[in-house]
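Q: Next comes the sequence, and after it the predicted model I'd like to discuss.
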Amino acid sequence: DTEVTQTPKHLVMGMTNKKSLKCEQHMGHRAMYWYKQKAKKPPELMFVYSYEKLSINESVPSRFSPECPNSSLLNLHLHALQPEDSALYLCASRSKDLSTDTQYFGPGTRLTVL
Amino acid sequence: GESVGLHLPTLSVQEGDNSIINCAYSNSASDYFIWYKQESGKGPQFIIDIRSNMDKRQGQRVTVLLNKTVKHLSLQIAATQPGDSAVYFCAEIPNRGQGNLIFGKGTKLSVKP
């Protein structure tokens, strides 16, 4: 099983709203990631959590606030977003052993900021 | 900063033909290279990876080749099918990072029936 789930699938919000994106995996992976993807572009790293601790923040504005409640869950809290934040937000978890090191992605949340 | 790039932004092939998607990378200190397939409206789907100490790895209908001398990565798809139509990204994992991926620009593969 290499499934990463994300909710909601689509989200439309105003610039004054507060919303949260959720990500879940039950593969026992201890590193989880948030990426942002604009149309026709590759995903760009936002945050990395390793063993439930934030290890990388790629200079993301504070209107994006990540949270890792436990090893299976990853949230991204959104507040006072701008229209240019509209994008596909992808969650991934890392599978690493002696022979492989890769990430499995969820289906993403399509966010539209009005 | 260093990044992974692609030679061909679009590739159109006939159903049944073999496809080759290329990628040039500049970071020689990466441990793993990965190919992802992304269909419209979906997240990237893992296809195959290769470790930096290998030069070839085969999967089901796919083969990844790594040429470290010229820093080149390629994905070969045998007997391409309409369901293979998607954007393909190569990505690398730097050996001193947190496993985060550095993606190439992507190649759109269109399969004509």
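A: Great, that's in hand. Numbering: from 1, shown residues only, chains lettered A, B, ... in the order given.

Q: Direction included, what does the helix or strand harbouring A:Ser95 pair against?
A: Assessed by DSSP states H and E, A:Ser95 sits inside strand A:87-96. Using DSSP bridges, strand A:87-96 pairs in its sheet with strand A:31-37 (antiparallel), strand A:101-105 (antiparallel), strand A:109-113 (antiparallel).

Q: want to throw those into a markdown table with mean pLDDT, mean neighbour count and distance to A:Leu73?
A: Heads up, the C-betas are built off the backbone N, CA and C, glycines and all. Formatted as a markdown table, the strands paired with strand A:87-96 follow (pLDDT from 0 to 100; neighbours: other Cβ atoms under 10 Å in any protein chain shown; distance: least, Cβ to Cβ, whole Å):
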| stretch | mean pLDDT | mean neighbour count | distance to A:Leu73 |
| --- | --- | --- | --- |
| strand A:31-37 | 96 | 23 | 9 |
| strand A:101-105 | 91 | 22 | 15 |
| strand A:109-113 | 97 | 18 | 15 |
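
Q: and of those strands, who's closest to B:Gln60?
A: B:Gln60 lies closest to strand A:101-105 among the strands paired with strand A:87-96, at 16.4 Å (Cβ to Cβ).

Q: Any residues of chain A in contact with chain B? List them.
A: By Cβ under 8 Å from any Cβ of the partner chain, the residues of chain A that approach chain B are A:2, A:4, A:6, A:31, A:33, A:40-45, A:48, A:50, A:55-56, A:88, A:90, A:92, A:94, A:96, A:99-108, A:110.

Q: Dump the strand holding A:Ser95 to CSV, keeping only the CA atoms.
A: Coordinates of each C-alpha in strand A:87-96 appear next as CSV, following Å, rounded to 0.1, in the frame of the first residue of the first chain:
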residue,chain,number,x,y,z
ALA,A,87,-2.5,26.2,-6.9
LEU,A,88,-2.5,22.5,-6.4
TYR,A,89,-1.2,21.6,-2.9
LEU,A,90,0.5,18.2,-2.7
CYS,A,91,1.4,16.2,0.3
ALA,A,92,4.0,13.4,0.1
SER,A,93,5.6,10.9,2.4
ARG,A,94,9.1,9.4,2.1
SER,A,95,9.9,5.7,1.8
LYS,A,96,13.6,5.0,2.4
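
Q: Run through the chain and note the low-pLDDT ranges.
A: Defaulting to chain A. Low-confidence segments of chain A (pLDDT under 70): A:1-2.

Q: look at chain B instead
A: Using pLDDT under 70, chain B drops low at B:1-8.

Q: mind listing the strands for chain B?
A: Applying DSSP state E to chain B gives strands spanning B:4-5, B:10-14, B:19-25, B:30-38, B:45-51, B:56-58, B:62-67, B:72-77, B:86-94, B:102-103, B:107-112.

Q: Please name the nearest non-neighbouring residue to A:Glu44.
A: A:Lys36 (5.3 Å; Cβ to Cβ, 6 or more residues apart in numbering or on different chains).

Q: doesn't A:Glu84 make contact with the one you found?
A: No - using Cβ atoms under 8 Å, A:Lys36 makes no contact with A:Glu84, being 10.8 Å away.

Q: could you measure the residue lying closest to A:Val12 once chain neighbours are set aside against chain B, distance?
A: Distance criterion Cβ to Cβ, 6+ apart; nearest residue to A:Val12, sequence neighbours excluded, is A:Thr112 at 4.7 Å. The gap separating A:Thr112 from chain B is 14 Å, by Cβ to the nearest Cβ, to the nearest Å.

Q: A:Thr112 touches A:Asp85, doesn't it?
A: No - using Cβ under 8 Å as the test, A:Thr112 is too far from A:Asp85 to be in contact (9.4 Å).
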